[in-house]
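A structural model of the following input is requested.
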Amino acid sequence: MLTTLTGLVIRETAVGESDKFINVLTHERGIVSIYCHRARSIKSKHLSSTQLFCYSEFMATEKNDRFTLHDSTLIESFFALRGDLTSFALAQYVCSVASFVCSEEMDESDMLRLVLNTLYATASGEKSHKLIKAAFEIACACLNGFAPSADTCGVCDVALLPTNSVKFDIENGCLICEKCTTHGAMNISSGVVSTLRYILDSTSKRLFSFSLADDDLAQFGQLAERYLLHHLDRDGFDTLDFYKTIQN
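Residues are numbered from 1 along each chain as shown. Prediction:
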């Protein structure tokens, strides 16, 4: 049976001399694995549409829950990601996170939209990699049921203004006022508080439409990474280590 799937290649695995498997984050079926015969050959009509980061339409034969590529049409290659090593490394990390949090046979359209918007922002070069990475991490946490609270103190429930001196509780995902204490909370600036609130309220298309001073961005980046990894119960990702190597 032929099935049409539209999605983003988030992983590719070489098989033999010219074949490969691709993991695709799709609108229709969540993550699917598609076997692509001779797709690595320079003569293959599927060469461009089945590469990592390519957003394509795939027509595949489905048999016993296995997909074999029949035809494909490239929609967006995100070619600019391959021209900058930091952009490439960040895109790899984003796809690794998506691969970890998404499942087969689930509606992952919101996560796919977030990943696509993140790759578009990265490829455009209009925003810094650090800003894009941190915004993606918080938005990803929200989509996966770990949205932080940024309006009131998580201990005494007092309403907080952005100008209040506050800390952020990574474990419980909430702000802590200066009168309350909790183990392991990190100090954050008013700019970071405002950014958290912006991301929680923003649409996917406006996710990266903010700016931060360098010190605030560094703080926000630390918070976002720690928060996502903690709530995914991960120490890290190999692709994140690679990204940090490039950054340093």
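
going forward, measure contacts and count neighbours with C-alpha atoms only.
OK.

So the most centrally placed residue in the chain, which state does it fall into?
Nearest to the mean C-alpha position of the chain, counting by Cα atoms, centre = their mean, stands Val94 at 3.8 Å. Secondary structure, DSSP: H, G, I helix; E, B strand; the rest coil: Val94 is helix.

which SS class is the closest residue to it other than its chain neighbours?
Residue nearest to Val94 in three dimensions, not counting chain neighbours: Val115, with 6.9 Å by Cα to Cα, 6 or more residues apart in numbering. Of the three states, Val115 takes helix according to three-state DSSP.

Could you do Leu200 as well?
helix.

again, but for the one 10 residues further on
Per three-state DSSP, the local secondary structure of Phe210 is coil.

For burial, what's the neighbour tally of it?
Look at Phe210: counted by other Cα atoms under 10 Å, it has 12 neighbours.

which residues touch it?
Thr195 (Cα atoms under 8 Å, 6 or more residues apart in numbering).

quick one, longest strand in this structure?
Counting residues, the longest strand found in the chain (DSSP state E) is strand 2-15.

Show me what that one is packed up against.
Strand 2-15 sits against strand 19-26, strand 55-63, helix 85-101, helix 109-124, with contacts defined as 3 or more Cα pairs under 8 Å, 6 or more residues apart in numbering; DSSP states H and E.

Distance to Thr73 added to the ones you listed, as a markdown table?
Supplementary listing: the helices and strands packed on strand 2-15 in a markdown table, determined by distance: least, Cα to Cα, whole Å:
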| stretch | distance to Thr73 |
| --- | --- |
| strand 19-26 | 14 |
| strand 55-63 | 5 |
| helix 85-101 | 21 |
| helix 109-124 | 17 |
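
which regions of the protein sit below the pLDDT cut-off?
Scanning the chain for pLDDT under 70 picks out the ranges 248.

Break it into its domains for me.
2-77, 82-247 (automatic domain parsing).

how distant is the last one from the center of its chain?
Which is domain 82-247. Taking Cα atoms, centre = their mean, to the nearest Å, the mean C-alpha location of domain 82-247 is offset from the chain mean by 10 Å.

so how far does it reach from one end to the other?
In domain 82-247, first residue to last residue: 16 Å (Cα to Cα, to the nearest Å).

Tell me who's in contact with Leu114.
Going by Cα under 8 Å, 6+ apart, Leu114 touches Phe136, Ala139, Cys140, Ser204.
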